[in-house]
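Undergrad: Dropping the sequence and predicted coords here.
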Amino acid sequence: MAKLTKKAVSEQIEKYQGNIAAVARAFGKSRQWIYEYCKEKYPELWLDVIQARETMKDNAESQLYKNILSGKETSLIFYLKTQAKDRGYVERQEIAGPDGTPIVLKVSGVKIDNV
């Protein structure tokens with residue numbers, strides 16, 4: 001079990017890419033304890049968590065792009081469904097007002113929002 005210091009927590013955050021449960025296990029603490037330690041006692045550690053998670057997202061995106069370029073069908077489908085809706089790659093139609101605003105209906109002079 002790692003010794004609990006600010007530096008050690010920062011190192012574990014990086015090692016586990018911001019996975020708080022894994023960091024907590026490394027110190028024999030609960031996730032809640034680590035959250036409080038990072039957010040309340042050393043807020044700069046919470047910035048480390050955020051940065052580590054953003055880096056992990058970047059890594060996942062890079063791998064997704066590699067999969068797409070190598071023709072992996074599941075990755076292609078996922079990308080088109082999430083990033084090419086404007087080109088018709090959707091399984092359901094999303095209906096909205098002009099420029100994606102909510103639809104507002106008026107029935108007998110009564111305004112009905114968020115339909």
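TA: That came through, no problem.
Undergrad: Which helix or strand in the protein has the lowest average pLDDT?
TA: strand 110-112 (a mean of 64; mean pLDDT, DSSP states H and E).
Undergrad: residue ranges of the strands in the chain, please?
TA: Along the chain, counting by DSSP state E, strands occupy 105-107, 110-112.
Undergrad: who does the first one pair up with?
TA: Same thing as strand 105-107. If you go by DSSP bridges, strand 105-107 pairs up with strand 110-112 (antiparallel).
Undergrad: Give me the phi and psi angles of residue 28.
TA: Main-chain dihedrals, residue 28, degrees, to the nearest 10: phi 70, psi 30.
Undergrad: now the residue nearest to it when sequence neighbours are not counted: how far from residue 53?
TA: Spatially, and ignoring its direct neighbours in sequence, residue 28 is nearest to residue 1 (5.0 Å; Cβ to Cβ, 6 or more residues apart in numbering). No exception for glycine: its C-beta is placed from N, CA and C like everyone else's. Distance, residue 1 to residue 53, using Cβ to Cβ, to the nearest Å: 24 Å.
Undergrad: what about these two, which has more around it?
TA: More crowded of residue 1 and residue 53, by other Cβ atoms under 10 Å: residue 53, with 15 against 8.
Undergrad: from memory the more buried one sits against residue 17, does it?
TA: Yes - if you go by Cβ atoms under 8 Å, residue 53 and residue 17 touch, sitting 7.0 Å apart.
Undergrad: show me the biggest helix of the protein in terms of residues.
TA: Ordering each helix of the chain by length in residues (DSSP state H) puts helix 43-69 first.
Undergrad: what's it packed up against?
TA: helix 6-15, helix 73-83 (3 or more Cβ pairs under 8 Å, 6 or more residues apart in numbering; DSSP states H and E).
Undergrad: Minimum distance to residue 47: which of the ones you listed has it?
TA: When the helices and strands packed on helix 43-69 are compared by Cβ to Cβ, helix 6-15 sits nearest residue 47, at 9.8 Å.
Undergrad: Good, wrapping up.
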